[in-house]
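Peer 1: below are the sequence and a predicted model for it; my questions follow.
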Amino acid sequence: MIAHLRSIVFSLIFFCGIEIIISFSLLGERTGIIFGSALLSIAFFAGYNVGKKVIYAFLPLATTTASFGLLYFIDNLGEQQIFGGLVAALFYMVLLGIKRICKNPFDMTARSLFSATLIATVFLFYAVIYGVYINFNIALWLFILTHFVFMTCITFVSLRSYSSDRYRGFLYSVVIGFAMIQLAWMANFWPFGYLTMAAISLMFYYILWDLVQMVFLQTLSKKRIIITIIYCVVLSITVLLTTQWLLIG
C-alpha cells in the first residue's frame, strides 16, 4: 500500500497551510500564530484519525512543531517554500508509517517506513532545539528538560507500536531519555553548530533505540549490537572530521 487517501488529503492540507504561513509571514505575528495553531490542530486530528489512538497524534504534532522552528532559521523565501514541500512530504510519510504499523506491526516494510519517519522527526527536533539553544539565551535546565520530555514521549510512541506492555515501554523510554540528556549536557561544551549536533545526537539515539527495539522484537544478538555500534561510530567520526569547528580563543 503505497498510497493512503486520508494521508494524502491531510498532507495536501498541511502543505497548503505551511505555504500560507510562509507567504503571509509578513502580515504579523498574530496572523502567524492563528495559522500555526490551526495547522497544529490539523496535525493532531490527522494523527488520531489515521492511527485511531491519541498517542499516534504525537508524531505529526512533533513534525509540525519542528518544521515551524526550522522555518525561523531559513531567510530566503524560495528556500522556505522548498522546505515546506519537503516537510509536507515527510508529514505524508509519517501518516503512512502510522497507518502501516497499525495495520500490521510485524510487517518489515511497515517497520522500516515507521522507523525512517521517526528518525527524520527526531532529526528535525534536534536541529530546532539546538538551534534555539545556541542562538538564544535559553537556560540550560529548560533545554535539558525539553530534550528529556520529547525523547521520552517519542520513544514511548514508537515502542508502543511493537508491544502492548505500557510499563515496560515507558521504563525503556525514560532510560533512553536520561541517556540522551546526558549527551545533550556534554554537547553544551562541544564546538559545533546545531546541525552537526543534531546529526551526532541522532546517531547515538539510533543506537539506543535500535537496541531496545531488538529487545522488544526478541531479535537482539551480539553481532547486531557490534555492527550497529561500529556503523554509528564511523558515521560520527566522519561528521566530526568534515564539519566546521567553532573554536573560541
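Peer 2: Right, received. Where do you want to start?
Peer 1: okay but residue 146 is in contact with residue 128, surely?
Peer 2: No: in terms of Cβ atoms under 8 Å, residue 146 does not count as a neighbour of residue 128; the distance is 9.9 Å. Using the backbone N, CA and C atoms, a C-beta is placed for each residue, glycine as well.
Peer 1: any figure for the gap between the residue lying closest to residue 143 once chain neighbours are set aside and residue 186?
Peer 2: Spatial nearest neighbour of residue 143, chain neighbours left out: residue 133 (4.6 Å); criterion: Cβ to Cβ, 6 or more residues apart in numbering. If you measure residue 133 against residue 186 using Cβ to Cβ, to the nearest Å, the figure is 14 Å.
Peer 1: those two: which is more packed in?
Peer 2: When neighbours are counted by other Cβ atoms under 10 Å, residue 133 and residue 186 differ, and residue 133 comes out ahead with 22 against 9.
Peer 1: what helix or strand is that one on?
Peer 2: Secondary structure assignment for residue 133, by DSSP states H and E: helix 108-135.
Peer 1: quick one, phi/psi of residue 220?
Peer 2: The phi and psi values for residue 220, taken as degrees, to the nearest 10, are phi -70, psi 130.
Peer 1: could you measure from it over to residue 165?
Peer 2: 16 Å.
Peer 1: same check on residue 66?
Peer 2: Look at residue 66 and residue 165: by Cβ to Cβ, they are 29 Å apart.
Peer 1: of the two, which one has the most company?
Peer 2: A side-by-side neighbour count of residue 66 and residue 165, using other Cβ under 10 Å, places residue 66 first with 23 against 13.
Peer 1: just give the closest residue to the more buried one, not the sequence neighbours.
Peer 2: If you skip the residues right next to it in sequence, residue 66 has residue 124 as its closest partner in space, 3.6 Å away by Cβ to Cβ, 6+ apart.
Peer 1: tally of neighbours for the residue lying closest to residue 20 once chain neighbours are set aside?
Peer 2: In this structure, residue 20 finds its nearest non-sequential neighbour in residue 35, 5.9 Å apart by Cβ to Cβ, 6+ apart. Counted by other Cβ under 10 Å, the residues lying close to residue 35 total 18.
Peer 1: same question, residue 109
Peer 2: Residue 109: 10 surrounding residues under other Cβ under 10 Å.
Peer 1: same check on residue 148?
Peer 2: Other residues near residue 148 number 17, with proximity taken as other Cβ under 10 Å.
Peer 1: tell me which helix or strand it sits in.
Peer 2: Using DSSP H and E, the element containing residue 148 is helix 140-160.
Peer 1: so where's this protein uncertain?
Peer 2: Where the chain drops to pLDDT under 70, the residues are 1-3, 24-29, 31-32, 105-106, 163, 187-195, 243-249.
Peer 1: mind listing what residue 207 touches?
Peer 2: Under the criterion of Cβ atoms under 8 Å, 6 or more residues apart in numbering, the neighbours of residue 207 are 228, 229, 232.
Peer 1: okay, angle between the host helix or strand of it and helix 140-160 too, please.
Peer 2: Mapping residue 207 onto the secondary structure by DSSP H and E places it in helix 194-217. Using axes from the mean of the first three to the mean of the last three Cα atoms, to 10 degrees, the inter-axis angle of helix 194-217 relative to helix 140-160 is 40 degrees.
Peer 1: and helix 194-217, how far out from the chain middle?
Peer 2: Taking the mean C-alpha point of helix 194-217 and that of its whole chain, the gap between them comes to 11 Å (Cα atoms, centre = their mean, to the nearest Å).
Peer 1: that helix: what's the following helix or strand?
Peer 2: Tracing the chain C-terminally past helix 194-217 and defining elements by DSSP H and E, one meets helix 222-242 next.
Peer 1: what comes up buried for that following helix?
Peer 2: Of all the residues in helix 222-242, those buried under the rule 16 or more other Cβ atoms under 10 Å are 228, 232, 236, 239.
Peer 1: perfect, that will be all.
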